[in-house]
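In: Okay, here's the prediction I keep looking at, along with the sequence it came from:
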Amino acid sequence: MSSIIALIAHDRKKDEMVAFAQKHSAILSHYHLIATGTTGARINQATGLEVQLMQSGPMGGDSQIAAQVVAGGVTAVIFLIDPLFAQPHEPDIQALLRICNLQQTPLATNLATAEAIMPSLSPA
Ligand SMILES: O=C(CO)COP(=O)(O)O
């Protein structure tokens, strides 16, 4: 049974992610949440939601989430990407995007898409 949601946000998107998690905390609370380190800590502080923390993105957190997608059980990845800022770990980011596409895992890389897929994640 798929029951994991992964949450990731680049630095200049973290406030957006926190607001998103607050808005949708009722839905998110039904899932096992995993997140890159800093994003997950911010979400936990702001919402009280339990979040399994991976490494920070630049330290391999995106790769850990990619491995979880391969392992199975990830219902969706919400990854708020900063399109205006180069990341030192760009290869890891591209690998995560590729793995999601390979595995047919729903992947939102901007807030508009994240909002659009949330109704489909609402538990019956
Ligand atoms: O860099 C990231 C994703 O590529 C996010 O990592 P943090 O949540 O640790 O800042």
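Out: Good, I have the coordinates.
In: per-residue confidence for the residue of the chain found nearest the ligand?
Out: For the chain, the nearest residue to the ligand under the criterion Cβ to the nearest ligand atom is residue 57, separated by 2.1 Å. For the C-beta atoms, the positions are set from N, CA and C on the backbone; glycine is no exception. Looking at residue 57, its pLDDT stands at 97.
In: The closest residue in space to residue 123 that isn't next to it in sequence is in what secondary structure piece?
Out: The spatially closest residue to residue 123, leaving aside those adjacent along the chain, is residue 30, at 4.7 Å (Cβ to Cβ, 6 or more residues apart in numbering). Element membership for residue 30 (DSSP states H and E) is empty, with no helix or strand holding it.
In: likewise residue 120?
Out: Using DSSP H and E, residue 120 falls within helix 111-121.
In: Let's test this: mean pLDDT of that helix, rounded?
Out: Averaging pLDDT along helix 111-121 gives 97.
In: Buried residues in that helix, which are they?
Out: Residues of helix 111-121 classed as buried under the neighbour-count rule (16 or more other Cβ atoms under 10 Å) are 111, 114, 118, 121.
In: quick revisit: I figured the residue nearest to residue 123 was touching residue 75, is that so?
Out: No. If you go by Cβ atoms under 8 Å, residue 30 and residue 75 don't touch, sitting 10.1 Å apart.
In: List the residues that contact the closest residue to residue 25 other than its chain neighbours.
Out: Nearest residue to residue 25, sequence neighbours excluded (Cβ to Cβ, 6+ apart): residue 47, at 4.9 Å. With contact set as Cβ atoms under 8 Å, 6 or more residues apart in numbering, residue 47 has these partners: 18, 21-22, 25, 28.
In: still on that earlier bit, list of residues touching the helix holding residue 120?
Out: Judged by Cβ under 8 Å, 6+ apart, the contacts made with helix 111-121 from elsewhere in the structure are 5, 13, 16, 20, 24, 27, 31, 75-76, 78, 80, 106, 108.
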